[in-house]
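Next one to model:
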Amino acid sequence: MSEKNINFHQEIEQFNLATQEMLKKSDRFRVVLLGAEIDRLLKLLLQAYLVPSRDGRDFLLEGGATFTTRIELGFRVGLLKPEWVDDLRVINAIRDKFAHGRAGLCLDKEPFRELCYTLQFGQQWIDAGDNRGKEGDNSATRFVATAVMLASHICVIGITLKPLDPISKTYPEDLVELIKEEDRKSWGI
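Predicted coordinates:
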């Protein structure tokens with residue numbers, strides 16, 4: 001069942017704790033942790049926005065639902081910008097390779113280095129950063145900056161979000177009678 005009372009302020013705090021833990025670890029740990037955290041936050045955002053399922057089973061967000069599915073659903077209902085979707089797809093692809101790949105994978109080696117340099121959202125943060133110049137912009141920094149920016153924006157959207165109202169609350173019932181009347185006229189009844 002979808003939980004409508006999600007505290008995205010607490011989720012930001014949780015994400016900050018995960019980020020602090022992540023900074024002390026390997027690329028593999030960073031990639032898998034940040035990817036999982038963004039996936040979790042995106043799932044919470046969709047739960048907060050969508051009308052709960054009638055029977056309490058949320059097949060759109062649970063069970064077989066994947067990060068890829070949640071990215072697409074988030075975009076299709078208007079919660080994610082197209083350029084965020086591009087970065088989320090790259091993060092998901094890298095996360096999948098690191099989660100299921102051999103030991104010793106590194107963001108500074110191909111094909112991950114090239115993929116990291118396609119990430120755009122974190123570039124804004126790097127450019128506005130502490131003037132470290134070119135040495136501050138590397139594939140790992142690009143990945144982490146993009147992941148942190150996306151997670152932060154997902155939480156901000158969650159804080160400001162107005163959930164969908166079920167059609168049963170907003171559908172004007174008098175239209176049903178009007179439609180029935182028009183149908184009878186058009187059918188010659």
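
how close does Lys180 get to Leu119?
54 Å (Cβ to Cβ, to the nearest Å). Yep, even glycine has a C-beta here, placed from its N, CA and C like the rest.

Looking at those two, which one has more neighbours?
Leu119 (23 against 11; other Cβ atoms under 10 Å).

Not including adjacent chain positions, what is the nearest residue to the more buried one?
The spatially closest residue to Leu119, leaving aside those adjacent along the chain, is Thr146, at 4.1 Å (Cβ to Cβ, 6 or more residues apart in numbering).

doesn't Asp87 make contact with that neighbour?
Yes: in this structure, Thr146 is within contact of Asp87 by Cβ atoms under 8 Å, at 5.4 Å.

shaky segments in the protein?
1-4, 21-22, 129-136, 168-176, 178, 182-184, 188-189 (pLDDT under 70).

Show me the residue at the heart of it, geometrically.
Ranked by distance to the mean C-alpha position of the chain (Cα atoms, centre = their mean), the top residue is Leu42 at 3.5 Å.

Helices along this structure, start to end?
8-22, 27-49, 67-76, 82-100, 112-116, 121-127, 139-160, 167-170, 174-187 (DSSP state H).

export those helices to CSV and tack on distance to Asp55?
Below are the helices of the chain laid out as CSV (distance: least, Cβ to Cβ, whole Å):
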stretch, distance to Asp55
helix 8-22, 27
helix 27-49, 16
helix 67-76, 19
helix 82-100, 29
helix 112-116, 40
helix 121-127, 37
helix 139-160, 25
helix 167-170, 16
helix 174-187, 25
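
quick revisit: my read is that the residue nearest to the centre of the chain contacts Ile71, right?
Yes: Leu42 is within contact range of Ile71, at 6.9 Å (criterion: Cβ under 8 Å).

so what sits against both of the two?
Counting by Cβ atoms under 8 Å, 6 or more residues apart in numbering, the contacts common to Leu42 and Ile71 are Leu88.

overlap in contacts of Thr146 and Asp87?
In contact with both Thr146 and Asp87: Leu119, Gln120, Phe121, Gly122, using Cβ under 8 Å, 6+ apart.

Quickly check these for the two that are furthest apart.
Gln120 and Gly122 (7.5 Å; Cβ to Cβ).

In terms of neighbours, single out the busier of the two.
A count of neighbours by other Cβ under 10 Å puts Gly122 above the other of Gln120 and Gly122, at 21 against 15.

Tell me which residues touch that one, please.
Asp87, Thr141, Arg142, Phe143, Val144, Ala145, Thr146, Ala147, Val148, Met149.
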